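# following is a predicted model, sequence given first.
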Amino acid sequence: MYPVVEELDDDFFACFNFCDSLFEEPDVQGVQISLWISVEAKDDLTPLLIREDVKNEFLKIIKHVLLSSPDHRILFQSRYQCSEKEIVIGTISFEEFKTMLLSSQILFDVCYIIEEC
């Protein structure tokens with residue numbers, strides 16, 4: 001886990017707010033969600049939205065961590081307090097992850113296995 005912080009004042013740091021979601025009206029209509037995931041779990045899913053001004057840097061960080069991995073494979077999960085269900089999506093390429101992220105199809109509380117082919 002890698003926390004992201006920013007310096008607000010001398011000796012004062014806080015979490016850097018680089019993501020958000022549509023908590024009130026989640027729009028996951030275009031997202032492919034496996035049929036085996038329960039209706040209750042699906043109701044808790046919301047898209048991970050990365051701020052536009054940091055989206056490229058965010059993807060560079062993910063790519064760097066991926067290439068630094070001995071197997072060129074990482075697990076990615078954006079998590080907030082929600083269902084106790086753990087949803088794991090199978091292996092996807094970094095390019096597929098990037099496409100999904102840019103089209104708001106990466107979901108909170110879902111674990112993605114990303115690999116560099």
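Arrived safely. Numbering: from 1, shown residues only.

# what segments of this protein are strands?
5-9, 12-15, 19-20, 49-50, 73-77, 87-93, 110-115 (DSSP state E).

# who touches the fifth one?
In other words, strand 73-77. For strand 73-77, the external contacting residues (CB atoms under 8 Å, 6 or more residues apart in numbering) are 62, 65-66, 91, 97, 109-116. (Each C-beta comes from the backbone N, C-alpha and C, glycine too.)

# how about the residues you listed in TSV, adding neighbour count?
Shown next, in TSV, are the contacts of strand 73-77 (neighbours: other CB atoms under 10 Å):
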residue	neighbour count
Ile62	17
Val65	13
Leu66	18
Thr91	11
Phe97	23
Asp109	20
Val110	22
Cys111	13
Tyr112	21
Ile113	14
Ile114	23
Glu115	16
Glu116	14
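
# distance to Leu49 and pLDDT added to these, as JSON lines?
As requested, the contacts of strand 73-77 are exported to JSON lines (distance: CB to CB, whole Å; pLDDT from 0 to 100):
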{"residue": "Ile62", "distance to Leu49": "15", "pLDDT": "92"}
{"residue": "Val65", "distance to Leu49": "20", "pLDDT": "93"}
{"residue": "Leu66", "distance to Leu49": "21", "pLDDT": "95"}
{"residue": "Thr91", "distance to Leu49": "24", "pLDDT": "93"}
{"residue": "Phe97", "distance to Leu49": "15", "pLDDT": "93"}
{"residue": "Asp109", "distance to Leu49": "14", "pLDDT": "81"}
{"residue": "Val110", "distance to Leu49": "14", "pLDDT": "86"}
{"residue": "Cys111", "distance to Leu49": "18", "pLDDT": "88"}
{"residue": "Tyr112", "distance to Leu49": "16", "pLDDT": "92"}
{"residue": "Ile113", "distance to Leu49": "22", "pLDDT": "95"}
{"residue": "Ile114", "distance to Leu49": "18", "pLDDT": "96"}
{"residue": "Glu115", "distance to Leu49": "24", "pLDDT": "95"}
{"residue": "Glu116", "distance to Leu49": "24", "pLDDT": "90"}
